[in-house]
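Engineer: Show me how the following folds:
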Amino acid sequence: MLIPSEPVGSIPRPVELQDAMLAHARGELATAALEVQFDAAVRDTIERFEATGSKVVSDGEQTKPSFATYPLAGLDNLASDGVVIPFADGHTRQLPRLSAGPFRYGALAGSYLPRARKFATRPLKQAVISASAMSLLYPVNGLADYPQEAFLADLVHQSVADIRSCFDNGACCVQIDFTEGRLAVKLDPSKELLQQFIDLNNRVLAEFSPEERRNIGVHTCPGGDHDSTHSADVDYGELIPMLLSLDAGRFYMQMASEANPQSALKVIAEHLGPEQRVFIGVIDVVNETVESPEIVRDRILMAAEHIPVEQLGTTDDCGFSPFSDDIATSRDTAFAKISARLRGTHLAEAILAR
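Structural biologist: Alright, predicted model coming up:
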């Protein structure tokens, strides 16, 4: 019996890389010198991932400005006054606003893989931002020469290209980050906004074959930035049925930090399709305490009471450092938690095999 276990994404960046990125942004460090720091950070991240025994690794998003804004690199048709996302601890993140069409990605997620492939000896996973998150760039009042439907058509095309770039560059699987799903329920309890997000993402997924979709997953969590969240107060049961209507083969779902995991797991069991696998979050990334393998084991066994083992996997609730300036968690703590996830998964496998 084997329960697959995968990371979600980001790993806290080394202090040296943080300093180098700031110096480069100020014009005080040459691009070539920054590239040296990028190589060092990616190499160290992958080596530490592989040392945990992880069968699937990633570059930990060491070189992305953030999990959400990497496609916007170099674009000149953006304004700074976009959608504001408030977090429970009082801090906010603000997206840019599209100021003119057409919309094109400035960078594709697959472009990060060649660097990672230089150092990895195990299959590489890559995360991409959802089309629905990028749809929030379009201004509420519209653009006179670029109607929303034209924007959405361009966005779907770009999102499909983003995912394909990952497969073309050797990714074993691609994870769509959909952290705005639960937030959509908070912003619009009627769930009309959530349905729009689901429909848009399904337009993207429809461009892939059933075989490809088995290796495309969707990640959801209530946000995780500077050890705070943006929508943990939303009932998970309000999201899960519609989330699982996404035509993807894998779902990476925050659960370790959930207030009522039993209730959420029951809803997953009721709506999980026969061809879908759910990777349950067994590591709470907004809590600095490192879980013991036994705690992880027990979280998995609880999930297995509701979800068939052949459709079960384990993951972390969220990325550990989704924005480049998030240093709330240390690299050592992140990898200790990842090790606990893997060791706890093995413990649960042994019990379930009996």
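Engineer: Neighbours of Met242, how many?
Structural biologist: Close neighbours of Met242, defined as other CB atoms under 10 Å, add up to 17. In short, each C-beta sits where N, CA and C put it, glycine included.
Engineer: secondary structure element for it?
Structural biologist: In the assignment (DSSP states H and E), Met242 maps to helix 240-243.
Engineer: Give me the contact list for whichever helix or strand comes after that helix.
Structural biologist: Beyond helix 240-243 on the C-terminal side, the first helix or strand identified by DSSP H and E is strand 250-253. Identification of contacts with strand 250-253 by CB atoms under 8 Å, 6 or more residues apart in numbering yields 6, 8, 173, 175, 214-221, 243-244, 268, 276-281, 313, 315.
Engineer: Show me where the stretch 201-350 of the chain has its helices.
Structural biologist: 210-213, 240-243, 261-271, 293-304, 331-353 (DSSP state H, counting those that start in this stretch).
Engineer: Buried residues, the longest one. List them.
Structural biologist: This points to helix 331-353. 331, 333-335, 337-349 (16 or more other CB atoms under 10 Å).
Engineer: likewise the second one?
Structural biologist: Using 16+ other CB under 10 Å as the test for burial, helix 240-243 gives 240, 242-243.
Engineer: so can I have TSV of those showing pLDDT?
Structural biologist: Output for these, formatted as TSV (pLDDT from 0 to 100):
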residue	pLDDT
Ile240	97
Met242	97
Leu243	98
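Engineer: Let me have those in TSV, extended by distance to Ala23.
Structural biologist: Formatted as TSV, these follow (distance: CB to CB, whole Å):
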residue	distance to Ala23
Ile240	44
Met242	44
Leu243	41
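Engineer: Tell me the one of these nearest Arg354?
Structural biologist: For the buried residues of helix 240-243, the residue nearest Arg354 by CB to CB is Ile240; the value is 30.0 Å.
Engineer: re the thing from before, could the helices of the stretch 201-350 of the chain go into TSV alongside distance to Glu50?
Structural biologist: Written out in TSV, the entries for the helices of the stretch 201-350 of the chain read as follows (distance: least, CB to CB, whole Å):
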stretch	distance to Glu50
helix 210-213	26
helix 240-243	31
helix 261-271	30
helix 293-304	19
helix 331-353	11
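Engineer: Among those, which comes closest to Thr92?
Structural biologist: helix 331-353 (23.9 Å).
Engineer: tell me what that closest one is packed against?
Structural biologist: Secondary-structure packing of helix 331-353 (3 or more CB pairs under 8 Å, 6 or more residues apart in numbering; DSSP states H and E): helix 31-51, strand 277-283, helix 293-304, strand 312-316.
Engineer: now the angle between helix 331-353 and the first one, please.
Structural biologist: Calculated by axes from the mean of the first three to the mean of the last three CA atoms, to 10 degrees, helix 31-51 forms an angle of 30 degrees with helix 331-353.
Engineer: what sits against Gly223?
Structural biologist: Counted by CB under 8 Å, 6+ apart, Gly223 has contacts 85, 87, 179, 182-183, 229-232, 318.
Engineer: any chance of the helices and strands packed on helix 331-353 in a markdown table, plus mean neighbour count, distance to Arg122 and mean pLDDT?
Structural biologist: Converted to a markdown table, the helices and strands packed on helix 331-353 look like this (neighbours: other CB atoms under 10 Å; distance: least, CB to CB, whole Å; pLDDT from 0 to 100):
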| stretch | mean neighbour count | distance to Arg122 | mean pLDDT |
| --- | --- | --- | --- |
| helix 31-51 | 17 | 6 | 97 |
| strand 277-283 | 26 | 17 | 98 |
| helix 293-304 | 20 | 21 | 98 |
| strand 312-316 | 26 | 16 | 98 |
